[in-house]
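**Student:** Give me a 3D structure for the following:
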Amino acid sequence: MKANNMKKFLLALLFAPITAFASGATLHLDKAPDVQGDQAALQNGAKTFVNYCLNCHGASYVRYNRLTELGLSEQQVKENLMFTAEKIGEQMRVAARPAEQKQWFGATPPDLSLIARARASEDGSGADWLYTYLRSFYRDDKRPTGWNNTVYENVGMPHILWELQGQQVLNHETHKLELSVPGKLPAAEYDKQVADLVGFLVWMAEPTAGLRKQLGFGVLVFLFILFGVSYALKKEYWKDIK
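**Tutor:** This is a model prediction of the structure:
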């Protein structure tokens, strides 16, 4: 093979994954509401997570006592959110054993402690992906669980929030989801419930994010003031020097 042909071959091989990615269909993600400054929303998200997600998915990097940072007392956490532990300092682990889950589902459900950050690294916005995903389940009799998802095709997870949202079907002509059986919540209230849950998942992935941002803002203010003082000192020092 000639040198020029070899060079073209190597370049094609290098950029093939990029070309394939660019030619694929772009996934539309709905913008997730930002509830990080709303303690009531985060508390509701924690409640939803414990009641619906913690049955199968653990959050082993988070301890129950961290939930007090959401404005809850230890007593409130113990009485309303601790169903898989006895001590407030224990991790938020799932009650089922991994071996049992693998036998039931074919695979162990992933830990959700860092799911928002993991999705952010893969798709750009973990919150938007999770928000869209949890609102995109539809009935599919061809799937073992009876459910599928437009964001995650052939997903193995069933729709755990179907009682709240209802049952959607996919219109294969318009490629849009349509509500066939209403749930307990109207669409707007269900979206709010999902937004709170996603907000809690985002908080759980980095509980100190709020403090980090405050410190960053404080550092910028300090540097701005320091610059002003330094500039005034420089003018005072050099005023008599030509």
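**Student:** Okay, buried residues for stretch 126-140 please.
**Tutor:** Buried residues in stretch 126-140, counted by 16 or more other CB atoms under 10 Å: 126-140. Yep, even glycine has a C-beta here, placed from its N, CA and C like the rest.
**Student:** Please apply the same query to stretch 95-104.
**Tutor:** Neighbour counts over stretch 95-104 (16+ other CB under 10 Å) mark A96, Q101 as buried.
**Student:** So what touches it?
**Tutor:** Stretch 95-104 is touched from outside by N55, C56, F83, T84, V94, A107, T108, P109, with contacts defined as CB atoms under 8 Å, 6 or more residues apart in numbering.
**Student:** and the two most separated of those residues?
**Tutor:** Largest separation among the contacts of stretch 95-104 by CB to CB: F83 and A107, giving 23.6 Å.
**Student:** Just put the contacts of stretch 95-104 in JSON lines and tack on secondary structure.
**Tutor:** As requested, the contacts of stretch 95-104 are arranged in JSON lines below (DSSP: H, G, I helix; E, B strand; the rest coil):
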{"residue": "N55", "secondary structure": "coil"}
{"residue": "C56", "secondary structure": "coil"}
{"residue": "F83", "secondary structure": "coil"}
{"residue": "T84", "secondary structure": "coil"}
{"residue": "V94", "secondary structure": "coil"}
{"residue": "A107", "secondary structure": "coil"}
{"residue": "T108", "secondary structure": "coil"}
{"residue": "P109", "secondary structure": "coil"}
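**Student:** can you redo these as a markdown table with neighbour count?
**Tutor:** As requested, the contacts of stretch 95-104 are exported to a markdown table (neighbours: other CB atoms under 10 Å):
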| residue | neighbour count |
| --- | --- |
| N55 | 14 |
| C56 | 19 |
| F83 | 11 |
| T84 | 17 |
| V94 | 20 |
| A107 | 9 |
| T108 | 19 |
| P109 | 19 |
